[in-house]
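Colleague: pasting a predicted model and its sequence here:
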Amino acid sequence: MPGSVANRRLLTPRSLRDALRMLDAEGPLTPMAGCTDLYVALNFGTLRETNFLNLWELDELRRITVRSGGVLSIGSLATYTDIIHSRLVSTRLPMLVAAAREVGGPQIQNRGTIGGNIANASPAGDTLPVLAAADAVVLVRSLRGERRVPFSEFYVGYRRSVLEPDELITAVEVPAVKGRQWFRKVGTRAAQAISKIVMAGVGGERGQPPRIAIGSVAPTVVRLPSTEAALASGAPLVEAQRVLQDEIAPIDDVRSTAEYRRRVAANLLASFWNERGRR
Ligand SMILES: Cc1cc2nc3c(=O)[nH]c(=O)nc-3n(C[C@H](O)[C@H](O)[C@H](O)COP(=O)(O)OP(=O)(O)OC[C@H]3O[C@@H](n4cnc5c(N)ncnc54)[C@H](O)[C@@H]3O)c2cc1C
């Protein structure tokens, strides 16, 4: 049954500091960014009974900058449209632009944020393999201070992360990526389709070890360290594809079957590997 907003309050802070104070003093609150996931949960009646903390006005969380050492910093409120139009992201992390272009449609891209995609913790989130393959760091703030959580440690299970109820994601930082970047999403259609499989990869050329991550094949997005090691050691592709099968645990669900996901994962690995050296 659709949930109701009748008895819920909407708190709108004017600064990050305000937001953190509200979370601390008036919680539990559900942070609300673009609301594209929250609205669906509200409609399905699966949103727990809390009041909302509206982050949308906090422009300080929307900035995209490059810090010393070439680290790309993307504010948690940056939308997919912001990412698509950012020269900094296009030149430094084009695989994130590729992912953003395939999220939903223009309406979702205008409202959906990267912080919402990360916090929502769906194994099918399209930006998540990109961030995993790029060795991103999630910046998390509360009144207690800031934590820098390596992306590989952010998720602890299906739809569960290390984020505490009094914490907000403020940004994600991505160290300079060397080598080529590759992204591929397989869904039912080109737009408005949740991934059946989504994969991102980095490097793999001229002695650069590959870094590969995949979504929709396990309770969380996963990096593939054994598959990466097999490819880096010069093992034949077919051997790496066998190793990959042990690193994923897809299930049958409304969007696809485990068998299909296993075959497509192997095919995507082949595409990533065989496209080395091509532009
Ligand atoms: C029609 C449709 C199509 C979609 N297509 C895709 C798709 O192709 N690919 C894809 O990956 N996703 C898709 N989505 C899902 C959704 O759009 C994305 O996950 C989006 O990035 C969510 O961002 P948001 O700002 O709307 O998050 P919200 O809905 O505002 O929030 C989502 C969750 O994150 C929490 N949250 C948000 N911001 C923060 C923060 N800064 N700190 C802490 N917690 C926070 C909220 O409390 C909530 O639990 C689709 C959704 C719809 C409705």
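Modeller: Happy to help now that I have it.

Colleague: for the rest of this, base every contact and every neighbour count on C-alpha atoms.
Modeller: Noted.

Colleague: show me what contacts Val137?
Modeller: Remark: with contacts taken as Cα atoms under 8 Å, 6 or more residues apart in numbering, Val137 is in contact with Arg148, Val149, Pro150, Phe151, Val172, Glu173, Val174.

Colleague: what does Tyr39 give?
Modeller: Contact analysis of Tyr39 by Cα under 8 Å, 6+ apart lists nothing.

Colleague: next one: the one 3 residues further on
Modeller: For Leu42, the residues meeting the contact criterion (Cα under 8 Å, 6+ apart) are Pro2, Gly3, Ser4.

Colleague: how about a cut-off of 10 Å?
Modeller: Residues counted as contacts of Leu42 (Cα atoms under 10 Å, 6 or more residues apart in numbering) are Met1, Pro2, Gly3, Ser4, Val5, Cys35, Arg48, Glu49.

Colleague: mind checking the SS state of it?
Modeller: What DSSP: H, G, I helix; E, B strand; the rest coil gives for Leu42 is helix.

Colleague: please tell me how far it sits from Thr36.
Modeller: Leu42 sits at a distance of 10 Å from Thr36 (criterion: Cα to Cα, to the nearest Å).

Colleague: likewise Ile74?
Modeller: Separation of Ile74 from Thr36 (Cα to Cα): 19 Å.

Colleague: same drill for those two, tell me which one is more crowded.
Modeller: Relative neighbour count places Ile74 above the other of Ile74 and Thr36, with 27 against 18, counting by other Cα atoms under 10 Å.

Colleague: okay, the closest residue to the more buried one other than its chain neighbours: pLDDT?
Modeller: Excluding its sequence neighbours, the residue lying closest to Ile74 (Cα to Cα, 6 or more residues apart in numbering) is Ile64, at 4.5 Å. According to the predicted model, the pLDDT of Ile64 comes to 98.

Colleague: where does the prediction get shaky in the stretch 151-279 of the chain?
Modeller: Screening the stretch 151-279 of the chain residue by residue with the criterion pLDDT under 70, one finds the ranges 191, 278-279.

Colleague: that one against the ligand: which residues are in contact?
Modeller: Contact residues, the stretch 151-279 of the chain versus the ligand (Cα under 6 Å from any ligand atom): Leu168, Ile169, Thr170, Gln192, Ala193, Ile194.

Colleague: I'd like the contacts of Leu42 laid out as CSV, including secondary structure, neighbour count and pLDDT.
Modeller: CSV is the format used below for the contacts of Leu42 (DSSP: H, G, I helix; E, B strand; the rest coil; neighbours: other Cα atoms under 10 Å; pLDDT from 0 to 100):
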residue, secondary structure, neighbour count, pLDDT
Met1, coil, 8, 65
Pro2, coil, 12, 71
Gly3, coil, 16, 72
Ser4, coil, 12, 73
Val5, coil, 13, 78
Cys35, coil, 19, 97
Arg48, coil, 10, 83
Glu49, coil, 16, 83
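
Colleague: phi, psi for the closest residue to Ala232 other than its chain neighbours please.
Modeller: Residue nearest to Ala232 in three dimensions, not counting chain neighbours: Pro209, with 5.4 Å by Cα to Cα, 6+ apart. Comment: the main-chain dihedrals of Pro209 come out as phi -60, psi 140, following degrees, to the nearest 10.

Colleague: Ala266: what's it in contact with?
Modeller: Contact criterion Cα under 10 Å, 6+ apart gives Leu237, Val238, Ala240, Gln241, Arg242, Val243, Leu244, Gln245, Phe272 as the residues in contact with Ala266.

Colleague: now list the buried members of the residues of the stretch 151-279 of the chain next to the ligand.
Modeller: Applying 16 or more other Cα atoms under 10 Å to those, the neighbour count classes Leu168, Ile169, Thr170, Ala193, Ile194 as buried.
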